[in-house]
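Q: structure, please.
(2 chains)
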Number of protein chains: 2
Amino acid sequence: MGRWEPDARGRLEQAALDLYQERGFEQTTVTEIAERAGLTERTFFRHFVDKREVLFGQQDLLRTICVRTIEAAPASTLPLDAVATALEALVPVFQERHELVRQRQAVIAANPGLQERELLKEAWLTSAMAEALQRRGVTNPAASLAAEVGVIAFKTAFDHWVNEPDAQDLLRLIQVSRDQLKDIVAGT
Amino acid sequence: MGRWEPDARGRLEQAALDLYQERGFEQTTVTEIAERAGLTERTFFRHFVDKREVLFGQQDLLRTICVRTIEAAPASTLPLDAVATALEALVPVFQERHELVRQRQAVIAANPGLQERELLKEAWLTSAMAEALQRRGVTNPAASLAAEVGVIAFKTAFDHWVNEPDAQDLLRLIQVSRDQLKDIVAGT
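A: Okay, the predicted model is just below:
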């Protein structure tokens, strides 16, 4: 992915996130989003199916990156390492959009319906990684445990990165949270 | 909790789950549930706010059991052990309702809207346990990592227990899945 450019799609996304934060997701209409972006509704619908897709349209891309990274890992890679590498491959996607990601998370946190959707998308990502591990010969429940644990380490780091104004590099935070997880599970 | 008795509430629950499985959750009405149970709609609404509460009405109880168990754990208990003990305290609630739990999970698996709700309830349970740990002086992210990891070990065992017709004792499965998790995280 190249650097994020404020093209039509980007302008619509920024306008939508601003409005979702100012007025709430439910209260915002597509007409208002298009207007704020200085574009037509028709242009909106060329880029997004509906106003929810502005928030969740990237999920397929994230899943594809994760699954392909697991598929490409050397055969000797341990399951949890394969998952960690897959999730670390997402870092550039988030890192270059730090402010947009923060806004998105704030909008989702304010709306239980969106939270539910976010959790479901996250569960799908986790399953897709577990299935990719199974195709590499990892049996269950090891495959799903590795995927779930990897996602937890990632999410803990991600939440910190989103919520702390002076957060460090996301990649570094993921490594810290994986080490903490190791300590917790080992009971030290 | 005493043994589950097929009283009015129990009859309504059984009738609802049967109908949700036969026809789908969306297609079932409260009128039909009451009729199948041989009771009135009024009786239904004395026990449940709506047809969704038949599936999720127990969540507050589960959360209370978990939080109290963490609060009651000796001060020296490690965070993950406190969470594991809390989740193990739920086993009797599920164990005595094995068939109902299976039916419930099948209904939820068939409906994305219900899956989303289930994930949100599970996230609330996890947060409640993380907060209970924080009140014991465990700092974040250790508190939330311990809660999340504990829930994963539990869920893996629970899914197996729900889906395998000849599943062993749930408590034993939880211990097995915790050991597997340790191996995965340690990279062995």
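Q: any idea how far the residue nearest to A:Tyr20 when sequence neighbours are not counted is from chain B?
A: Once flanking residues are discounted, A:Tyr20 sits nearest to A:Val107: 4.3 Å by Cβ to Cβ, 6 or more residues apart in numbering or on different chains. C-betas here are computed from N, CA, C, even on glycine. The gap separating A:Val107 from chain B is 16 Å, by Cβ to the nearest Cβ, to the nearest Å.
Q: who's in contact with A:Val107?
A: Counting by Cβ atoms under 8 Å, 6 or more residues apart in numbering or on different chains, A:Val107 touches A:Leu17, A:Tyr20, A:Gln21, A:Phe25, A:Leu55, A:Leu114.
Q: tell me the SS of the second one?
A: Think A:Tyr20. Secondary structure for A:Tyr20, judged by DSSP: H, G, I helix; E, B strand; the rest coil, is helix.
Q: now A:Val101: closest residue in space, sequence neighbours ignored.
A: Spatial nearest neighbour of A:Val101, chain neighbours left out: A:Phe94 (5.4 Å); criterion: Cβ to Cβ, 6+ apart.
Q: SS state for that neighbour?
A: helix.
Q: my read: it touches A:Ala157, true?
A: No: the pair A:Phe94 / A:Ala157 is not scored as a contact, 10.5 Å apart, by Cβ atoms under 8 Å.
Q: find the residues that touch each one of these two.
A: What both A:Phe94 and A:Ala157 touch, as defined by Cβ under 8 Å, 6+ apart, is the set A:Leu170.
Q: the more surrounded of these two?
A: The residue with more neighbours, out of A:Phe94 and A:Ala157, is A:Ala157; 26 against 16, by other Cβ atoms under 10 Å in any protein chain shown.
Q: what's near enough to touch the closest residue in space to the more buried one that isn't next to it in sequence?
A: The shortest distance from A:Ala157 to any residue other than its chain neighbours is 3.8 Å, reached at A:Leu173 (Cβ to Cβ, 6+ apart). Residues in contact with A:Leu173 (Cβ under 8 Å, 6+ apart) are A:Ala157, A:Phe158, A:His160, A:Trp161, A:Ala167.
Q: tell me the spacing between the residue nearest to A:Val101 and A:Leu61.
A: A:Phe94 is 12 Å from A:Leu61, where distance means Cβ to Cβ, to the nearest Å.
Q: how about A:Leu171?
A: Relative to A:Leu61, A:Leu171 is positioned 19 Å away (Cβ to Cβ).
Q: same thing with A:Arg172?
A: 24 Å.
Q: correct me, but A:Ala73 touches A:Leu80?
A: No: using Cβ under 8 Å, A:Ala73 is not in contact with A:Leu80; the gap is 11.3 Å.
Q: can I get the top helix by length along chain A in PDB? Just the C-alpha atoms.
A: If you go by DSSP state H, chain A has its longest helix at helix A:112-135. This file holds the C-alpha atoms of helix A:112-135, laid out as PDB (Å, rounded to 0.1, in the frame of the first residue of the first chain):
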ATOM      1  CA  PRO A 112     -22.700  -0.800  21.000                       C
ATOM      2  CA  GLY A 113     -24.000  -1.900  17.600                       C
ATOM      3  CA  LEU A 114     -20.700  -0.900  16.000                       C
ATOM      4  CA  GLN A 115     -18.800  -2.600  18.800                       C
ATOM      5  CA  GLU A 116     -20.700  -5.900  18.100                       C
ATOM      6  CA  ARG A 117     -19.800  -5.600  14.400                       C
ATOM      7  CA  GLU A 118     -16.100  -4.900  15.300                       C
ATOM      8  CA  LEU A 119     -16.000  -8.000  17.500                       C
ATOM      9  CA  LEU A 120     -17.500 -10.200  14.800                       C
ATOM     10  CA  LYS A 121     -15.000  -8.900  12.300                       C
ATOM     11  CA  GLU A 122     -12.200  -9.600  14.700                       C
ATOM     12  CA  ALA A 123     -13.600 -13.100  15.300                       C
ATOM     13  CA  TRP A 124     -13.600 -13.700  11.600                       C
ATOM     14  CA  LEU A 125     -10.000 -12.500  11.300                       C
ATOM     15  CA  THR A 126      -9.000 -14.900  14.100                       C
ATOM     16  CA  SER A 127     -10.800 -17.800  12.500                       C
ATOM     17  CA  ALA A 128      -9.200 -17.100   9.100                       C
ATOM     18  CA  MET A 129      -5.700 -17.200  10.700                       C
ATOM     19  CA  ALA A 130      -6.600 -20.400  12.600                       C
ATOM     20  CA  GLU A 131      -7.700 -22.000   9.300                       C
ATOM     21  CA  ALA A 132      -4.500 -20.900   7.600                       C
ATOM     22  CA  LEU A 133      -2.500 -22.600  10.400                       C
ATOM     23  CA  GLN A 134      -4.600 -25.800   9.900                       C
ATOM     24  CA  ARG A 135      -3.800 -25.800   6.300                       C
END
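Q: would it count as contacting chain B?
A: Yes: with Cβ under 8 Å from any Cβ of the partner chain as the criterion, chain B is reached by helix A:112-135 at A:Pro112, A:Gln115, A:Glu116, A:Arg117, A:Leu119, A:Leu120, A:Ala123.
Q: and the residue nearest to A:Ala157, helix, strand or coil?
A: Classification of A:Leu173 using three-state DSSP returns helix.
Q: what pLDDT, on average, does stretch A:41-53 get?
A: Averaging pLDDT along stretch A:41-53 yields 95.
Q: residues of it that come out buried?
A: For stretch A:41-53, the neighbour count (16 or more other Cβ atoms under 10 Å in any protein chain shown) marks A:Thr43, A:Phe44, A:His47, A:Phe48, A:Lys51 as buried.
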